[in-house]
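K.L.:
everything below, folded, please.
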Amino acid sequence: MNGTVFSRQQGAIRSLVISNPSKRNAMSRGMWESLAELIGQADADPSVRVIVLQGDGEQAFVSGADISTFESQRTNPDDQRRFSEAVEAAYAAPGRASKPVIAKIRGICFGGGLGLAAACDLRIASDDARFRMPAARLGLGYGAPGVARFMSVIGLANTLDIFMTARIFEAGEALRMGLLREVVPVSALDPHVDALAASIAENAPLTIAALKCAARAISSASLGEIATRPEVLEALARCERSDDYREGAKAFMEKRTPNFQGR
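P.N.:
I've put the predicted structure just below:
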């Protein structure tokens, strides 16, 4: 069954729910595209003051990209480009929105889910949350905008650590890194995020929009030249063309350790 993203609203708070529970809310290309569109719609709706992103169910926020779709959606350069564009559009959407975007994180927050959380303005997690950036276990290149996004949130040393080791880390460590605003018990997550969102919704929307506009301008100015450097683009393309990329996806599906050869 294919996953979906749906919305619900209570007062001035629009919640966007990422739903693919049988795969721990793993994201297909269609789901990434839908998420970006729904964030844009929420931002354009004058009845919305705050946007909350969350996973469906108790197991996961987002476990990453749906690896089972790689054969059909990421096997040739055009497919890879379309998938990457869909993911990056979803990552960019929270920053482009004039309204605050909060990530409400419970359970697994891996790969694309971690990238999505880092793209949000605020991140609140339950104490059972676990985090991982497994790109190096899949042979995936990670673009300059995404790396810069992590560096802006958790700094260079922590960014290098989580990417190079591809390790799982707990909510307490994510809090110490600065990835999370706070960690709360599972039972308190929903009311806590509801209260935070309601308090933000009472504030001046134009002030918040101006803040986000300034932050976006600063970020764009620093990224524009770096992201298009030929050596950066070629390094990413080498990952996408590599045998290691195919081996990473195959090993994940077969639940075994990948055998990377660096080619």
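K.L.:
could you use CA atoms for every contact and neighbour count after this?
P.N.:
Fine.
K.L.:
what ranges do the helices span in the chain?
P.N.:
Shown for the chain, the helices assigned by DSSP state H span residues 29-44, 70-73, 77-96, 112-119, 135-138, 144-165, 171-177, 186-201, 205-227, 230-241, 243-253.
K.L.:
ok, which of the ones you listed comes nearest Ile18?
P.N.:
Ile18 sits nearest to helix 29-44 of all those, at 7.9 Å, using CA to CA.
K.L.:
tell me which of the helices of the chain sits nearest to Val52.
P.N.:
helix 186-201 (8.0 Å).
K.L.:
for the closest one, buried residues please.
P.N.:
Neighbour-count burial for helix 186-201, counted by 16 or more other CA atoms under 10 Å, picks out Val186, Leu189, Val193, Ala197, Ala198, Ile200, Ala201.
K.L.:
and stretch 27-41, by the same measure?
P.N.:
For stretch 27-41, by 16+ other CA under 10 Å, it's Met27, Ser28, Arg29, Met31, Trp32, Glu33, Ser34, Leu35, Ala36, Leu38, Ile39, Gly40.
K.L.:
for Phe110, see how far away the fourth one is.
P.N.:
As judged by CA to CA, to the nearest Å, Met31 and Phe110 stand 16 Å apart.
K.L.:
in contact with Asp66, which residues?
P.N.:
Lys23, Ala26, Met27, Ser28 (CA atoms under 8 Å, 6 or more residues apart in numbering).
K.L.:
ditto for Ala197
P.N.:
Per CA under 8 Å, 6+ apart, neighbours of Ala197: Ile13, Val50, Val52, Ile102.
K.L.:
any chance of the residues you listed in TSV, with distance to Arg132, neighbour count and pLDDT too?
P.N.:
Listed next are the contacts of Ala197 as TSV, based on distance: CA to CA, whole Å; neighbours: other CA atoms under 10 Å; pLDDT from 0 to 100:
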residue	distance to Arg132	neighbour count	pLDDT
Ile13	28	20	98
Val50	27	25	98
Val52	21	24	98
Ile102	19	23	98
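K.L.:
now those residues in CSV, with distance to Gly139?
P.N.:
Output for the contacts of Ala197, formatted as CSV (distance: CA to CA, whole Å):
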residue, distance to Gly139
Ile13, 38
Val50, 36
Val52, 31
Ile102, 30
